[in-house]
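Undergrad: Could you look at this predicted model? Sequence included:
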Amino acid sequence: MQHYTFPYTEAFHCTAGDCPDSCCKGWEIVIDPKTLQTYQQTCSPIGETIRSTLTKNEDDEWMFQNREDGNCPFWNKEKLCDLQIQAGERLLCDTCRQFPRIPQDYTLFTEHVLSLACPEAARLVLTQTEPFPAIPLTQAEPSEPINEAELPYSLNWMNCLLETRAVLLQLFQETSIPLAEALCYGLHYVQQFQDWIEEKTDDFPELQPIPSKPVFLHHESVQHLYDTLEWMTPEWADWMQQIQQHPVTDADLQAFAKVAEPWIPAFRNFCSYYLYLYWLQALNTGNTLIQYQKLLTALHEIAIVSAWKLRETHTYTLTDCMIIVQRYAKEVMHDAENIEKIEDILHNLGSL
C-alpha cells in the first residue's frame with residue numbers, strides 16, 4: 001500500500017503545555033479494545049487509578065470519565081498528561097497516541113492528514129506558503145496484486161474522483177483568480193460532474209470559466225443551518241448565542257471582506273485541506289456536490305464568525321483566523337452528528 005503525507009504533517013510537533021486549546025480539554029476520549037485490555041491487566045497503582053476513571057458512553061464504548069470541568073482526569077494543572085508522565089506512551093490509548101494525526105485508508109493508498117481541531121495543526125495548515133500536494137511516504141508495493149473485484153469501490157470511480165480533486169486543488173491555489181471566483185468556478189464544475197455521475201451521457205466535464213457572480217446560500221440561511229447544531233464547548237456556544245441574538249448583516253460581511261485580503265492564502269489552504277479530508281468520501285455516497293456544498297457552508301460560517309468578531313472588537317488578525325477555524329473544526333468537523341445534520345439539510349435543499 002502506498003502512503004502519502006503532507007509538508008504540514010511532517011512539520012508537526014505537539015506544543016504540550018503551551019497549547020491554547022488542548023485535546024485533553026472538553027472531549028470524550030474513547031478507549032480502543034486493545035488498550036482497554038492493557039488497563040484491565042495493569043497491576044501497578046497507576047492501573048488502579050486508570051480503572052477508577054473508566055466508564056461507558058451512550059454508545060456502550062469505554063472512555064475516561066471526565067472531571068466536572070469536562071476535562072480528562074489525567075490532565076494536570078501544568079496542562080500535561082499525568083498518565084504519560086508516569087507511564088510513558090505505552091499506556092496511552094490509540095486516540096491519545098495518534099491525535100491530531102488522521103490516517104485516511106482508501107485500501108489502495110492511505111493519506112495522512114492532521115486535524116484542524118489541534119491549534120498547532122491549524123497554524124501549520126493555514127500558514128503554508130506553498131501548495132501542499134500529497135508526498136509519497138513509502139514506495140512499498142502490496143505483497144500480492146490487488147484484485148479490483150475485491151475493492152469496495154470501482155477503480156475507475158476512484159480515478160475520476162482523484163482527477164476532479166486535482167482540478168479543484170489547482171483552482172483553489174491559483175492566485176491569479178480571486179478566491180470567490182474560484183469557488184464559483186468550482187461549484188459549476190462539481191455540478192457538471194455530479195450530472196455526469198448521475199446521467200453518464202456527456203463527456204467527462206472540464207473546468208470552464210463562468211460569470212464571477214458569487215453563488216452561495218444567503219448568510220442568514222447558513223446561520224440558520226448552524227443554529228440547529230449542538231455545541232460542545234462553552235466558548236463556541238457563547239459565540240453562536242451572541243450571533244443569534246445580534247445577527248451578522250450584509251454590511252458586517254462587507255466590512256470583513258475589506259480587511260480579509262491578507263488572510264486569503266489561509267482560506268485557500270483551508271479549501272485544499274477540506275478537499276483532502278472529504279472529497280473521496282463520495283466513493284461511498286456517489287454525491288460529490290454535497291462534499292463541495294459542505295466546504296461552501298464551512299467557509300461561509302467561518303466568515304460569519306469572523307465578521308462578528310471584527311464588528312465586536314474592531315480588529316481581525318491571522319491569529320483570530322486560526323482560532324476560529326480551529327474551533328470550527330473541533331465543533332463541526334469532529335462531530336459526526338453535526339456533519340450528518342448539515343448533510344441532511346443540504347440534501348433537502350438540493351443545489352445551492
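TA: Arrived safely. Numbers count the residues shown, from 1 in each chain.

Undergrad: Strands of the protein, start to end?
TA: Counting by DSSP state E, the chain forms strands over residues 2-5, 54-56, 62-64, 101-105, 109-114, 135-136, given from the N-terminal end onward.

Undergrad: so which of the ones you listed is the most packed in?
TA: Highest mean neighbour count among the strands of the chain (mean count of other Cβ atoms under 10 Å): strand 62-64, with a mean of 21. For the C-beta atoms, the positions are set from N, CA and C on the backbone; glycine is no exception.

Undergrad: which residue ranges form the helices in the stretch 1-150 of the chain?
TA: For the stretch 1-150 of the chain, applying DSSP state H, counting those that start in this stretch gives helices covering 7-11, 33-41, 45-53, 82-87, 94-98, 119-126.

Undergrad: Now render those as CSV, adding mean neighbour count.
TA: What follows is those, written out as CSV (neighbours: other Cβ atoms under 10 Å):
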stretch, mean neighbour count
helix 7-11, 16
helix 33-41, 13
helix 45-53, 14
helix 82-87, 16
helix 94-98, 15
helix 119-126, 24
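
Undergrad: Same list (those helices) but as CSV, adding mean pLDDT and distance to Gly186.
TA: Shown next, in CSV, are the helices of the stretch 1-150 of the chain (pLDDT from 0 to 100; distance: least, Cβ to Cβ, whole Å):
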stretch, mean pLDDT, distance to Gly186
helix 7-11, 88, 22
helix 33-41, 92, 41
helix 45-53, 89, 46
helix 82-87, 88, 42
helix 94-98, 91, 31
helix 119-126, 96, 19
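
Undergrad: With distance to Trp157 added, can I get the ones you listed in JSON lines?
TA: Listed next are the helices of the stretch 1-150 of the chain as JSON lines, based on distance: least, Cβ to Cβ, whole Å:
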{"stretch": "helix 7-11", "distance to Trp157": "26"}
{"stretch": "helix 33-41", "distance to Trp157": "33"}
{"stretch": "helix 45-53", "distance to Trp157": "45"}
{"stretch": "helix 82-87", "distance to Trp157": "42"}
{"stretch": "helix 94-98", "distance to Trp157": "29"}
{"stretch": "helix 119-126", "distance to Trp157": "28"}
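
Undergrad: starting at the chain centroid, how far to the top helix by length along the chain?
TA: Taking DSSP state H as the assignment, the helix of the chain that covers the most residues is helix 288-313. From the chain centre to the centre of helix 288-313 is a distance of 13 Å (Cα atoms, centre = their mean, to the nearest Å).

Undergrad: And that helix, what does it pack against?
TA: Using 3 or more Cβ pairs under 8 Å, 6 or more residues apart in numbering; DSSP states H and E as the contact criterion, the secondary-structure elements in contact with helix 288-313 are helix 179-199, helix 219-227, helix 234-245, helix 250-259, helix 264-278, helix 282-285, helix 318-328, helix 336-349.

Undergrad: what angle do it and helix 250-259 make?
TA: Relative orientation of helix 288-313 with respect to helix 250-259: 90 degrees, computed using axes from the mean of the first three to the mean of the last three Cα atoms, to 10 degrees.

Undergrad: which stretch among the helices and strands packed on helix 288-313 comes nearest Cys14?
TA: Closest to Cys14 of the helices and strands packed on helix 288-313, according to Cβ to Cβ: helix 318-328, at 14.6 Å.

Undergrad: for that closest one, which positions count as buried?
TA: By neighbour count, and taking 16 or more other Cβ atoms under 10 Å as the criterion, the buried residues in helix 318-328 are 320-328.

Undergrad: Check stretch 334-341 too.
TA: In stretch 334-341, residues buried by neighbour count (16+ other Cβ under 10 Å) are 334-335, 338, 341.

Undergrad: about what we covered before: mind checking which of the helices and strands packed on helix 288-313 is nearest Ala307?
TA: helix 250-259 (3.9 Å).

Undergrad: Return the list of helices and strands in contact with the closest one.
TA: Partner elements for helix 250-259 (3+ Cβ pairs under 8 Å, 6+ apart): helix 288-313.

Undergrad: I'd like the average pLDDT over the helix it packs on.
TA: Confidence for helix 288-313, expressed as mean pLDDT, is 95.

Undergrad: quick one on the thing from earlier: quick one: which two of the buried residues of helix 318-328 are the most distant?
TA: When the buried residues of helix 318-328 are compared pair by pair using Cβ to Cβ, the farthest-apart members prove to be Asp320 and Tyr328, with a separation of 12.4 Å.
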